[in-house]
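Chemist: what follows is a predicted structure for the sequence shown.
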Amino acid sequence: MEILQRLKMPTKFIAAVRDLVVRHMHFVDLRKWREAKRRRFLQDPLFPVHLALHYLDCVGSHGMLAGYEYAAAALSAERARPPSPPPLITGADLIALGYPPGALFKEILTATQDAALEGELTDKEAARAWVRAKWKNKVEF
């Protein structure tokens, strides 16, 4: 990344290259991931570039394209789905439920998004009840 910085490349470009390098081996386990994690990766704006890089990596090294074909089919299926709805729970909702702002927010918000992506949660009230039940000992009164 230092070379890209010395070349005065845009920060967004450097971040994209870093992401491509760091995550290029993720395709090996894509089939094993939980649905939420897989869908989040498929929804990443950089995923088509990841997919192209994976194709080139496969062709240039071992020639086996089963992982690429699976990922391409998964991307096609993800694109055929309706767009993801907005988050069922926000930081403001967590504060209203009595949770103190902090590191726990990310854990709760990510878990709630995962549950929604996997079809476990479908509405805001169910999400609130789910959060209250799962993190009942973390609330301050």
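Modeler: Nice, thanks for sending it over.

Chemist: where does the closest residue in space to Tyr55 that isn't next to it in sequence land in three-state SS?
Modeler: In space, and not counting its chain neighbours, Tyr55 is closest to Tyr68: 5.1 Å by Cβ to Cβ, 6 or more residues apart in numbering. Backbone N, C-alpha and C define where each C-beta goes, glycine included. Secondary structure for Tyr68, judged by DSSP: H, G, I helix; E, B strand; the rest coil, is helix.

Chemist: okay, Tyr68: pLDDT?
Modeler: Note for Tyr68: predicted pLDDT of 94.

Chemist: now do the same contact list for Tyr70.
Modeler: Listed by Cβ atoms under 8 Å, 6 or more residues apart in numbering, the contact set of Tyr70 reads 30-31.

Chemist: what about the helices in this structure?
Modeler: With helices called from DSSP state H, the chain shows them at 2-6, 11-23, 35-43, 47-61, 66-80, 91-96, 103-117, 124-134.

Chemist: can I get the shortest one in PDB, CA atoms only?
Modeler: Provided in PDB are the C-alpha atoms of helix 2-6 (Å, rounded to 0.1, in the frame of the first residue of the first chain):
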ATOM      1  CA  GLU A   2       3.000   2.300   0.600                       C
ATOM      2  CA  ILE A   3       3.700   2.200  -3.100                       C
ATOM      3  CA  LEU A   4       0.200   3.400  -3.900                       C
ATOM      4  CA  GLN A   5       0.600   6.100  -1.400                       C
ATOM      5  CA  ARG A   6       3.900   7.200  -2.900                       C
END
